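Undergrad: sequence unknown, structure follows:
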């Protein structure tokens, strides 16, 4: 019996390259410790320092004064000073040991990390403009690879066909510019999207642009092609990526410890498939009774890989299960203070660095540490996970998906840095971030030393005389009128590049905007040209307003206004529980995924 007939519900197309259509669902943990704190100083042994014997066989450290016996050393110094010297020596040795060990740990963790090019496509999206305080968001693409060429991954993931890996988990993590909130968008692996032209950074093979399932992008130029595909689809600039494999999920789940999950019914993700007449039992092999469970290690991988047994048997249900696990993991890490505990965090860090492939810009312990610290500061109730809204794919409505109109709403929120939750302060109530730096002092310019020529480029008379006289009155004593027949519509200040500060001072004195300044290679000094936009007076009033209105930019959507089919789940929600796909029946009419 094939899998489609077993489901009795919505059929999902399997990849022909393998018997098991399920691929890995692995999401990396971006929490990395400060390597110099990996060793616990309290655990360092204190050396035993024996008292030295004198040459005559007696114990040193006792003086010859009977009345103060045992209070002074043989050199006449009190014993408390000798103890202080020993303590200082021991502490010095401990600090040196920690420093050496910290360096070794740093080198070890740094050497674990694998690197790859950030973007291997021909799609470039500019980074967001800084906010009023000079801050920009962070956008990280988290990728779960189903690569099964490693023996460990093969054992955990089933078929090992040697084919190109697929990016079966894709989540965009957006951390706001003010670092107060974080949003996640998942795209189901069966979504058909345009994939741009990409070049494999290792083999230099070039892949032409195509229209295919988004999980195929990984095999067309590495994780950098996944980045390019997301940028083309969302118009969001991707700053970094993190990619993890089957075995990486298991090792990190073990390091994190138990994470609570919940199912509404008994679940067993196993089904029978026949390939060339041979019977195979496939699936993630997750088996849990109804209710809450604490899972880790291989059980965590099984949960993250389970696809057909959740909700409607599609990859959408699997994305929701991944969101539940990740939110629960965030709560667990915060509750156990893992990120602030060097010993606990080292275990996670060692597992994470062995499992991760990151872009070249993120490839280093300091940057990963900084990122982990940043993410740890985001409150749990300000983290929201969503699934990209979608419609059935017209080319294969029962098997594949395409982005719907609601997808652009989510992308627009990210581009505008609007929170996915409503738990933040009211708009406009933010105060500037604290700073200890004093504002820069305005540059000092000697007005009397600046040579200024004023040219009347209009039909009016005595305009240059009046403006030159106004400059002299303000301290520009070398300002003079210059005769010319040139005509200009726009007033300007022309200057050589080296005299920019002097030109700015002249423009400020006359009320001219910064746009009026023009550096020219042939200029020998500062020259003010009076255009027809400055008809009267000695202070520039600006050009006459035009009747046409400038184009208006629509305001961004309000915070928390998400499409209904985005299935938003906040990390503080502990009531989430996964629905089991009970409609699928086997040839005997029994439910496949529950009992």
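TA: On my side now, so go ahead. Owing to the predicted nature of the structure, the values given are computational and were not obtained by experimental measurement.

Undergrad: ok, which stretches of the protein are helices?
TA: Remark: helices assigned in the chain by DSSP state H are 3-7, 79-112, 151-157, 223-234, 246-256, 297-305, 315-335, 342-355, 365-376, 405-415, 463-473, 500-510.

Undergrad: okay, the ones you listed in CSV with mean pLDDT and mean neighbour count next?
TA: Quick note: C-beta positions are derived from backbone N, CA and C, even for glycine. Converted to CSV, the helices of the chain look like this (pLDDT from 0 to 100; neighbours: other CB atoms under 10 Å):
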stretch, mean pLDDT, mean neighbour count
helix 3-7, 39, 18
helix 79-112, 61, 14
helix 151-157, 63, 17
helix 223-234, 97, 25
helix 246-256, 81, 24
helix 297-305, 91, 23
helix 315-335, 92, 22
helix 342-355, 77, 21
helix 365-376, 79, 18
helix 405-415, 95, 19
helix 463-473, 91, 18
helix 500-510, 91, 20
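
Undergrad: show me the one of those helices that comes nearest residue 576.
TA: Of all the helices of the chain, helix 315-335 sits nearest to residue 576, with 5.0 Å by CB to CB.

Undergrad: show me what the closest one is packed against.
TA: strand 182-186, helix 246-256, strand 259-263, helix 297-305, strand 383-387, strand 569-570 (3 or more CB pairs under 8 Å, 6 or more residues apart in numbering; DSSP states H and E).

Undergrad: closest to residue 346 out of the ones you listed?
TA: helix 246-256 (9.1 Å).

Undergrad: which neighbouring elements make contact with that closest one?
TA: Partner elements for helix 246-256 (3+ CB pairs under 8 Å, 6+ apart): helix 151-157, helix 297-305, helix 315-335, helix 342-355.

Undergrad: now with 6 Å?
TA: helix 151-157, helix 297-305, helix 342-355 (3 or more CB pairs under 6 Å, 6 or more residues apart in numbering; DSSP states H and E).

Undergrad: tell me where the protein is predicted with low confidence.
TA: In the predicted model, the chain carries pLDDT under 70 at residues 1-106, 147-162, 339-340, 342, 363, 427-443, 459-461, 484-486, 542-554.

Undergrad: could you give the bridge partners of the residue nearest the centre of it?
TA: Residue closest to the average C-alpha location in the chain (CA atoms, centre = their mean): residue 140, at 3.5 Å. Beta-bridge pairing for residue 140 (DSSP bridges): residue 173, residue 240.

Undergrad: isn't it up against residue 240?
TA: Yes: here residue 140 reaches residue 240: they are 4.8 Å apart, a contact under CB atoms under 6 Å.

Undergrad: so what sits against both of these two?
TA: With contacts taken as CB atoms under 6 Å, 6 or more residues apart in numbering, residue 140 and residue 240 have no neighbour in common.

Undergrad: residues in contact with the residue lying closest to residue 206 once chain neighbours are set aside?
TA: Closest residue to residue 206 apart from its sequence neighbours, by CB to CB, 6 or more residues apart in numbering: residue 199 at 5.0 Å. By CB under 6 Å, 6+ apart, the contact list for residue 199 reads 120, 206, 221.

Undergrad: distance of residue 537 from residue 467?
TA: Using CB to CB, to the nearest Å, residue 537 is found at 9 Å from residue 467.

Undergrad: what do you get for residue 241?
TA: For residue 241, the distance to residue 467 equals 58 Å [CB to CB].

Undergrad: repeat that for residue 132.
TA: From residue 132 across to residue 467, the span is 35 Å (CB to CB).

Undergrad: strands of the stretch 451-595 of the chain, start to end?
TA: 452-456, 479-482, 492-495, 517-519, 526-530, 569-570 (DSSP state E, counting those that start in this stretch).

Undergrad: out of those strands, nearest to residue 284?
TA: strand 569-570 (20.8 Å).

Undergrad: give me the contact list for the closest one.
TA: 323, 384-385, 576.

Undergrad: now with 7 Å?
TA: Applying CB atoms under 7 Å, 6 or more residues apart in numbering, the external contacts of strand 569-570 come out as 323-324, 327, 381, 383-385, 421, 576.

Undergrad: ditto for stretch 328-337
TA: 31, 256-257, 259-261, 339, 344, 380, 383, 571.

Undergrad: and if you look at stretch 468-477?
TA: Counting by CB under 7 Å, 6+ apart, 447-448, 450, 452, 454, 479-481, 506, 509, 538 sit against stretch 468-477.

Undergrad: swap in 10 Å and give it another go.
TA: Stretch 468-477 is contacted from outside by 445-456, 462, 478-482, 502, 505-506, 508-510, 526, 528, 537-539, using CB atoms under 10 Å, 6 or more residues apart in numbering.

Undergrad: would you show me how to pick out the buried ones of those in PyMOL?
TA: To isolate the buried ones among those in PyMOL, judged by 16 or more other CB atoms under 10 Å, type:
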select buried, resi 445+447+450+452+453+454+455+456+479+481+502+505+506+509+510+526+528+538
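
Undergrad: tell me how far the ends of stretch 275-284 are from each other?
TA: 18 Å (CA to CA, to the nearest Å).

Undergrad: not counting sequence-adjacent ones, nearest residue to residue 384?
TA: That would be residue 420: by CB to CB, 6+ apart, it lies 3.8 Å from residue 384.

Undergrad: hang on, isn't the one you found packed against residue 382?
TA: Yes: here residue 420 reaches residue 382: they are 9.0 Å apart, a contact under CB atoms under 10 Å.

Undergrad: between those two, tell me which one has more neighbours.
TA: residue 420 (26 against 21; other CB atoms under 10 Å).

Undergrad: report the contact partners of the more buried one.
TA: Counted by CB under 10 Å, 6+ apart, residue 420 has contacts 174, 176, 181-185, 382-386, 410, 413-414, 559-562, 566, 568, 570.

Undergrad: buried subset of the residues you listed?
TA: Judged by 16+ other CB under 10 Å, buried ones among those: 174, 176, 181-185, 382-386, 410, 413-414, 559-560, 562, 566, 568, 570.

Undergrad: just checking, residue 344 touches residue 350?
TA: No: the pair residue 344 / residue 350 is not scored as a contact, 11.4 Å apart, by CB under 10 Å.

Undergrad: re earlier: of all the strands of the stretch 451-595 of the chain, which one is nearest residue 232?
TA: Per CB to CB, nearest to residue 232 of the strands of the stretch 451-595 of the chain: strand 569-570, 27.0 Å.

Undergrad: what pairs with the closest one, parallel or antiparallel?
TA: For strand 569-570, pairing defined by DSSP bridges yields strand 383-387 (antiparallel).

Undergrad: chain center to the strand it pairs with: distance?
TA: 15 Å (CA atoms, centre = their mean, to the nearest Å).
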